[in-house]
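Enquirer: sequence unknown, structure follows:
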Ligand code: GLU
(Lines give C-alpha, C1' and ligand atoms only; values in the text may rest on other atoms or scores of the structure.)
Protein backbone atom coordinates (compact mmCIF):
# COMPACT_ATOMS: atom_id res chain seq x y z
CA UNK A 1 0.00 0.00 0.00
CA UNK A 2 1.29 3.45 -0.75
CA UNK A 3 1.19 6.51 1.47
CA UNK A 4 0.13 4.97 4.71
CA UNK A 5 2.25 6.98 7.11
CA UNK A 6 2.40 10.71 7.72
CA UNK A 7 5.20 12.63 6.06
CA UNK A 8 6.34 16.25 6.43
CA UNK A 9 3.78 17.56 3.91
CA UNK A 10 1.02 16.40 6.27
CA UNK A 11 1.57 19.64 8.21
CA UNK A 12 0.02 21.67 5.38
CA UNK A 13 -3.76 21.79 5.25
CA UNK A 14 -4.90 19.38 2.58
CA UNK A 15 -7.19 20.36 -0.28
CA UNK A 16 -10.73 19.18 0.34
CA UNK A 17 -11.53 15.75 -1.08
CA UNK A 18 -15.05 14.47 -0.48
CA UNK A 19 -16.77 11.33 -1.64
CA UNK A 20 -20.07 9.59 -2.09
CA UNK A 21 -19.92 5.88 -1.39
CA UNK A 22 -23.18 4.08 -2.20
CA UNK A 23 -23.58 0.34 -1.85
CA UNK A 24 -25.07 -1.08 -5.06
CA UNK A 25 -27.75 -3.06 -3.26
CA UNK A 26 -30.56 -1.05 -4.86
CA UNK A 27 -31.14 2.23 -6.69
CA UNK A 28 -30.77 5.56 -4.88
CA UNK A 29 -33.77 6.81 -2.92
CA UNK A 30 -34.61 10.12 -1.28
CA UNK A 31 -32.46 9.28 1.77
CA UNK A 32 -29.44 8.63 -0.46
CA UNK A 33 -30.06 11.92 -2.25
CA UNK A 34 -29.71 13.83 1.03
CA UNK A 35 -26.26 12.31 1.61
CA UNK A 36 -25.18 12.72 -2.02
CA UNK A 37 -26.37 16.32 -2.26
CA UNK A 38 -24.86 17.38 1.07
CA UNK A 39 -21.49 15.79 0.35
CA UNK A 40 -21.41 17.15 -3.20
CA UNK A 41 -22.29 20.72 -2.28
CA UNK A 42 -20.01 20.72 0.76
CA UNK A 43 -17.09 19.65 -1.46
CA UNK A 44 -17.84 22.16 -4.21
CA UNK A 45 -18.41 25.00 -1.75
CA UNK A 46 -14.93 24.30 -0.36
CA UNK A 47 -13.47 24.29 -3.90
CA UNK A 48 -12.79 20.59 -3.44
CA UNK A 49 -13.18 17.45 -5.46
CA UNK A 50 -15.91 14.84 -5.08
CA UNK A 51 -15.26 11.17 -5.70
CA UNK A 52 -17.62 8.30 -6.38
CA UNK A 53 -16.87 4.95 -4.77
CA UNK A 54 -19.06 1.92 -5.29
CA UNK A 55 -19.05 -0.06 -2.05
CA UNK A 56 -19.64 -3.54 -3.39
CA UNK A 57 -17.68 -5.67 -0.94
CA UNK A 58 -20.86 -7.49 0.08
CA UNK A 59 -20.86 -9.95 -2.82
CA UNK A 60 -24.21 -11.42 -2.05
CA UNK A 61 -26.19 -8.16 -2.04
CA UNK A 62 -24.32 -6.07 -4.62
CA UNK A 63 -25.53 -6.04 -8.23
CA UNK A 64 -24.12 -4.48 -11.37
CA UNK A 65 -27.59 -3.43 -12.45
CA UNK A 66 -27.97 -1.40 -9.25
CA UNK A 67 -24.62 0.26 -9.88
CA UNK A 68 -25.79 1.17 -13.38
CA UNK A 69 -29.04 2.59 -11.97
CA UNK A 70 -27.15 4.64 -9.36
CA UNK A 71 -24.90 6.12 -12.04
CA UNK A 72 -27.85 7.00 -14.23
CA UNK A 73 -29.57 8.65 -11.28
CA UNK A 74 -26.48 10.65 -10.32
CA UNK A 75 -26.15 11.84 -13.92
CA UNK A 76 -29.80 12.94 -14.00
CA UNK A 77 -29.19 14.97 -10.81
CA UNK A 78 -26.01 16.48 -12.34
CA UNK A 79 -24.05 15.05 -9.41
CA UNK A 80 -20.88 14.70 -11.44
CA UNK A 81 -17.90 13.11 -9.76
CA UNK A 82 -14.20 13.74 -10.32
CA UNK A 83 -11.74 11.10 -11.44
CA UNK A 84 -12.42 7.44 -12.06
CA UNK A 85 -15.11 5.54 -10.24
CA UNK A 86 -13.58 3.23 -7.66
CA UNK A 87 -15.14 -0.15 -7.06
CA UNK A 88 -14.27 -1.88 -3.80
CA UNK A 89 -14.51 -5.36 -5.29
CA UNK A 90 -11.44 -4.45 -7.37
CA UNK A 91 -9.41 -3.37 -4.35
CA UNK A 92 -9.27 -6.52 -2.24
CA UNK A 93 -5.44 -6.52 -2.30
CA UNK A 94 -5.38 -3.18 -0.50
CA UNK A 95 -7.65 -4.48 2.25
CA UNK A 96 -5.60 -7.68 2.55
CA UNK A 97 -2.38 -5.75 2.98
CA UNK A 98 -3.94 -3.55 5.67
CA UNK A 99 -5.12 -6.70 7.41
CA UNK A 100 -1.62 -8.18 7.22
CA UNK A 101 -0.21 -5.04 8.72
CA UNK A 102 -2.62 -5.27 11.62
CA UNK A 103 -1.82 -8.95 12.04
CA UNK A 104 1.92 -8.21 12.16
CA UNK A 105 1.19 -5.67 14.90
CA UNK A 106 -0.78 -8.26 16.88
CA UNK A 107 -3.97 -6.18 16.56
CA UNK A 108 -6.27 -8.86 15.14
CA UNK A 109 -7.30 -12.40 15.95
CA UNK A 110 -9.34 -15.16 14.33
CA UNK A 111 -12.82 -15.82 15.64
CA UNK A 112 -14.89 -18.97 15.15
CA UNK A 113 -18.02 -17.76 16.98
CA UNK A 114 -21.04 -18.38 14.78
CA UNK A 115 -23.92 -15.93 14.52
CA UNK A 116 -26.02 -18.49 16.35
CA UNK A 117 -23.57 -18.67 19.23
CA UNK A 118 -23.72 -14.90 19.58
CA UNK A 119 -27.52 -14.74 19.55
CA UNK A 120 -27.67 -14.57 23.33
CA UNK A 121 -24.94 -11.93 23.68
CA UNK A 122 -26.09 -8.45 24.81
CA UNK A 123 -26.83 -5.85 22.12
CA UNK A 124 -26.10 -2.13 21.96
CA UNK A 125 -28.62 0.63 21.20
CA UNK A 126 -28.16 0.09 17.47
CA UNK A 127 -29.16 -3.55 17.93
CA UNK A 128 -25.65 -4.81 17.20
CA UNK A 129 -24.19 -7.69 19.18
CA UNK A 130 -21.60 -6.55 21.72
CA UNK A 131 -18.92 -9.12 21.07
CA UNK A 132 -18.01 -10.75 24.41
CA UNK A 133 -14.43 -11.47 23.34
CA UNK A 134 -14.75 -15.26 23.54
CA UNK A 135 -12.12 -15.98 20.88
CA UNK A 136 -9.76 -13.34 22.14
CA UNK A 137 -8.88 -15.45 25.14
CA UNK A 138 -8.82 -18.91 23.61
CA UNK A 139 -6.21 -20.19 21.24
CA UNK A 140 -8.32 -20.72 18.15
CA UNK A 141 -7.25 -23.37 15.74
CA UNK A 142 -8.48 -22.09 12.38
CA UNK A 143 -6.72 -24.58 10.16
CA UNK A 144 -9.01 -25.03 7.19
CA UNK A 145 -12.06 -23.88 9.18
CA UNK A 146 -14.44 -20.96 8.67
CA UNK A 147 -13.51 -18.01 10.78
CA UNK A 148 -13.71 -14.26 10.81
CA UNK A 149 -10.97 -11.83 11.79
CA UNK A 150 -11.63 -9.31 14.56
CA UNK A 151 -9.84 -6.18 15.65
CA UNK A 152 -8.41 -6.40 19.16
CA UNK A 153 -9.41 -3.27 21.04
CA UNK A 154 -7.32 -1.87 23.87
CA UNK A 155 -9.19 -2.84 27.02
CA UNK A 156 -7.17 -1.52 29.86
CA UNK A 157 -8.01 1.19 30.43
CA UNK A 158 -11.11 1.07 28.19
CA UNK A 159 -10.88 4.21 26.11
CA UNK A 160 -13.56 6.65 25.12
CA UNK A 161 -13.32 7.62 21.49
CA UNK A 162 -14.26 11.26 20.94
CA UNK A 163 -15.39 12.51 17.52
CA UNK A 164 -16.12 16.14 16.76
CA UNK A 165 -18.79 16.04 14.13
CA UNK A 166 -19.56 19.25 12.21
CA UNK A 167 -23.31 18.70 12.63
CA UNK A 168 -23.74 16.43 15.62
CA UNK A 169 -21.09 18.09 17.79
CA UNK A 170 -19.02 15.99 20.18
CA UNK A 171 -19.77 12.27 20.10
CA UNK A 172 -18.23 9.96 22.65
CA UNK A 173 -18.30 6.21 22.49
CA UNK A 174 -16.55 3.53 24.43
CA UNK A 175 -16.14 1.05 21.61
CA UNK A 176 -14.87 -1.79 23.83
CA UNK A 177 -18.00 -1.55 25.96
CA UNK A 178 -20.56 -0.67 23.24
CA UNK A 179 -19.38 -2.85 20.37
CA UNK A 180 -16.49 -5.06 21.46
CA UNK A 181 -13.80 -6.38 19.14
CA UNK A 182 -15.30 -5.85 15.70
CA UNK A 183 -15.08 -7.87 12.50
CA UNK A 184 -12.65 -6.85 9.73
CA UNK A 185 -12.94 -9.95 7.59
CA UNK A 186 -16.16 -11.92 7.57
CA UNK A 187 -16.32 -15.70 7.85
CA UNK A 188 -17.57 -15.85 4.23
CA UNK A 189 -14.36 -14.14 3.11
CA UNK A 190 -15.91 -10.72 2.44
CA UNK A 191 -14.06 -7.69 3.76
CA UNK A 192 -16.08 -5.83 6.38
CA UNK A 193 -17.30 -2.30 5.65
CA UNK A 194 -15.22 -0.82 8.52
CA UNK A 195 -11.93 -1.95 7.03
CA UNK A 196 -12.72 -1.19 3.39
CA UNK A 197 -13.98 2.32 4.10
CA UNK A 198 -10.97 3.26 6.21
CA UNK A 199 -8.44 1.96 3.69
CA UNK A 200 -10.18 3.61 0.74
CA UNK A 201 -10.67 6.97 2.39
CA UNK A 202 -6.94 7.06 3.13
CA UNK A 203 -5.73 5.80 -0.24
CA UNK A 204 -8.08 8.11 -2.13
CA UNK A 205 -6.84 11.09 -0.12
CA UNK A 206 -10.31 11.83 1.28
CA UNK A 207 -10.31 14.67 3.81
CA UNK A 208 -14.04 15.03 4.49
CA UNK A 209 -16.79 12.52 5.02
CA UNK A 210 -20.36 13.79 4.70
CA UNK A 211 -22.84 10.93 5.07
CA UNK A 212 -26.02 9.84 6.82
CA UNK A 213 -26.30 9.91 10.61
CA UNK A 214 -27.13 6.19 10.56
CA UNK A 215 -23.35 5.74 10.17
CA UNK A 216 -22.44 8.08 13.03
CA UNK A 217 -21.73 5.30 15.51
CA UNK A 218 -19.45 3.56 13.03
CA UNK A 219 -17.13 6.54 13.13
CA UNK A 220 -15.39 5.74 16.45
CA UNK A 221 -14.51 2.27 15.11
CA UNK A 222 -13.18 3.82 11.93
CA UNK A 223 -11.11 6.33 13.88
CA UNK A 224 -9.55 3.51 15.93
CA UNK A 225 -8.66 1.63 12.75
CA UNK A 226 -7.23 4.75 11.13
CA UNK A 227 -4.94 5.23 14.12
CA UNK A 228 -3.89 1.58 14.20
CA UNK A 229 -2.93 1.81 10.51
CA UNK A 230 -1.15 5.17 10.85
CA UNK A 231 -3.73 6.92 8.63
CA UNK A 232 -4.75 10.55 8.77
CA UNK A 233 -7.76 11.89 10.65
CA UNK A 234 -10.80 12.90 8.63
CA UNK A 235 -13.41 15.57 9.24
CA UNK A 236 -16.94 14.27 9.61
CA UNK A 237 -20.40 15.69 9.06
CA UNK A 238 -23.34 13.34 9.58
CA UNK A 239 -26.53 14.60 7.98
CA UNK A 240 -29.91 13.68 9.47
CA UNK A 241 -31.58 10.67 7.96
CA UNK A 242 -35.00 10.56 6.43
CA UNK A 243 -37.61 8.29 7.93
CA UNK A 244 -40.97 7.17 6.59
CA UNK A 245 -44.13 7.76 8.59
CA UNK A 246 -43.53 4.59 10.61
CA UNK A 247 -40.28 6.19 11.80
CA UNK A 248 -38.18 3.72 9.81
CA UNK A 249 -35.10 4.83 7.94
CA UNK A 250 -35.70 4.97 4.19
CA UNK A 251 -33.80 2.03 2.80
CA UNK A 252 -34.05 -0.83 0.40
CA UNK A 253 -35.39 -2.94 3.28
CA UNK A 254 -38.25 -0.51 3.90
CA UNK A 255 -38.86 -0.43 0.13
CA UNK A 256 -37.93 3.17 -0.39
CA UNK A 257 -38.96 4.43 -3.82
CA UNK A 258 -36.16 4.85 -6.38
CA UNK A 259 -35.29 8.46 -7.26
CA UNK A 260 -37.06 9.36 -10.51
CA UNK A 261 -34.88 10.82 -13.25
CA UNK A 262 -37.21 12.97 -15.37
CA UNK A 263 -36.55 16.72 -15.36
CA UNK A 264 -39.49 17.84 -13.20
CA UNK A 265 -39.10 15.12 -10.58
CA UNK A 266 -35.37 15.76 -10.36
CA UNK A 267 -35.92 19.45 -9.63
CA UNK A 268 -38.71 18.69 -7.17
CA UNK A 269 -36.56 16.12 -5.36
CA UNK A 270 -33.61 18.52 -5.22
CA UNK A 271 -35.81 21.24 -3.73
CA UNK A 272 -37.18 18.87 -1.18
CA UNK A 273 -33.75 17.51 -0.22
CA UNK A 274 -32.42 21.07 0.03
CA UNK A 275 -35.29 22.05 2.34
CA UNK A 276 -34.71 18.92 4.43
CA UNK A 277 -31.13 20.15 4.89
CA UNK A 278 -32.65 23.42 6.12
CA UNK A 279 -31.04 25.56 3.40
CA UNK A 280 -32.69 28.72 1.98
CA UNK A 281 -35.03 28.15 -0.98
CA UNK A 282 -33.71 28.77 -4.49
CA UNK A 283 -35.94 30.84 -6.75
CA UNK A 284 -35.39 30.51 -10.50
CA UNK A 285 -33.84 27.18 -11.36
CA UNK A 286 -33.58 25.91 -14.94
CA UNK A 287 -31.84 22.56 -14.52
CA UNK A 288 -30.23 20.26 -12.00
CA UNK A 289 -26.84 21.74 -12.93
CA UNK A 290 -28.15 25.25 -12.31
CA UNK A 291 -29.66 24.11 -9.00
CA UNK A 292 -26.36 22.65 -7.79
CA UNK A 293 -24.39 25.72 -8.85
CA UNK A 294 -26.71 28.06 -6.99
CA UNK A 295 -26.91 25.72 -4.01
CA UNK A 296 -23.11 25.65 -3.74
CA UNK A 297 -23.06 29.43 -3.30
CA UNK A 298 -25.65 29.38 -0.51
CA UNK A 299 -24.61 26.26 1.37
CA UNK A 300 -23.98 26.46 5.12
CA UNK A 301 -23.51 23.28 7.16
CA UNK A 302 -24.34 25.27 10.29
CA UNK A 303 -28.00 25.50 9.21
CA UNK A 304 -28.51 21.74 9.24
CA UNK A 305 -30.58 20.51 12.15
CA UNK A 306 -29.26 17.57 14.09
CA UNK A 307 -30.60 14.09 13.68
CA UNK A 308 -33.30 12.85 14.29
CA UNK A 309 -35.17 14.64 11.58
CA UNK A 310 -38.38 13.40 10.17
CA UNK A 311 -40.51 13.65 7.10
CA UNK A 312 -44.10 12.61 7.26
CA UNK A 313 -44.35 10.99 3.94
CA UNK A 314 -41.96 9.57 1.46
CA UNK A 315 -41.77 12.32 -1.17
CA UNK A 316 -42.07 10.31 -4.36
CA UNK A 317 -45.50 9.01 -3.63
CA UNK A 318 -46.73 12.59 -3.71
CA UNK A 319 -44.52 13.50 -6.67
CA UNK A 320 -45.81 10.58 -8.66
CA UNK A 321 -49.35 11.32 -7.66
CA UNK A 322 -48.93 14.94 -8.78
CA UNK A 323 -47.56 13.83 -12.14
CA UNK A 324 -50.42 11.47 -12.77
CA UNK A 325 -53.01 14.20 -12.39
N1 LIG B 1 -21.72 2.37 1.61
C2 LIG B 1 -22.37 3.00 2.72
C3 LIG B 1 -23.86 3.09 2.45
O4 LIG B 1 -24.29 2.98 1.31
C5 LIG B 1 -21.84 4.39 2.99
C6 LIG B 1 -20.51 4.35 3.59
C7 LIG B 1 -19.90 5.67 3.98
O8 LIG B 1 -20.31 6.72 3.48
O9 LIG B 1 -18.97 5.64 4.78
O10 LIG B 1 -24.61 3.26 3.39
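Expert: Great, that's in hand. Just so we're clear, the structure is a prediction, and the values are computed from it rather than from any experiment.
Enquirer: From the ligand, how far off is residue 153?
Expert: Distance, residue 153 to the ligand, using CB to the nearest ligand atom, to the nearest Å: 20 Å. Just so you know, the C-beta spots here come from the backbone N, C-alpha and C atoms, and that holds for glycine as well.
Enquirer: avg pLDDT for stretch 133-148?
Expert: For stretch 133-148, the mean per-residue pLDDT is 78.
Enquirer: Strands of the stretch 101-250 of the chain, residue ranges please.
Expert: Using DSSP state E, counting those that start in this stretch, the strands of the stretch 101-250 of the chain run over 108-111, 148-151, 160-165, 169-174, 183-185, 208-212, 235-239.
Enquirer: With mean neighbour count added, can I get the ones you listed in a markdown table?
Expert: Converted to a markdown table, those look like this (neighbours: other CB atoms under 10 Å):
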| stretch | mean neighbour count |
| --- | --- |
| strand 108-111 | 20 |
| strand 148-151 | 22 |
| strand 160-165 | 15 |
| strand 169-174 | 13 |
| strand 183-185 | 21 |
| strand 208-212 | 22 |
| strand 235-239 | 22 |
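Enquirer: and of the ones you listed, who's closest to residue 198?
Expert: Distance to residue 198, taken as CB to CB, is lowest for strand 183-185 among those, at 9.5 Å.
Enquirer: For the closest one, which helices and strands make contact with it?
Expert: helix 92-104, strand 148-151, helix 193-203 (3 or more CB pairs under 8 Å, 6 or more residues apart in numbering; DSSP states H and E).
Enquirer: among these, which is nearest the ligand?
Expert: Nearest to the ligand, of all the helices and strands packed on strand 183-185, is helix 193-203, at 4.8 Å by CB to the nearest ligand atom.
Enquirer: contacting residues around that closest one?
Expert: 1-4, 19, 21, 53, 55, 57-58, 86, 88, 91, 94-95, 98-99, 151, 182-185, 206, 209, 218, 221-222, 225-226, 229, 231-232, 234 (CB atoms under 8 Å, 6 or more residues apart in numbering).
Enquirer: Grab the nearest non-local neighbour of residue 285.
Expert: Counting by CB to CB, 6 or more residues apart in numbering, residue 291 is the residue found nearest to residue 285 once chain neighbours are left out, at 4.7 Å.
Enquirer: for the helix or strand hosting that neighbour, which positions count as buried?
Expert: Taking DSSP states H and E as the criterion, residue 291 maps to helix 288-298. Neighbour counts over helix 288-298 (16 or more other CB atoms under 10 Å) mark 288, 291-292, 295-296 as buried.
Enquirer: Surely the residue nearest to residue 285 is in contact with residue 281?
Expert: No. Residue 291 sits out of contact with residue 281 when judged by CB atoms under 8 Å, with a separation of 11.2 Å.
Enquirer: Identify the contacts common to these two.
Expert: 271, 274.
Enquirer: Please identify which helix or strand holds the nearest residue to residue 29 once chain neighbours are set aside.
Expert: Excluding its sequence neighbours, the residue lying closest to residue 29 (CB to CB, 6+ apart) is residue 256, at 3.5 Å. Here residue 256 sits in a region with no helix or strand, counting by DSSP H and E.
Enquirer: With that, I have no additional questions.
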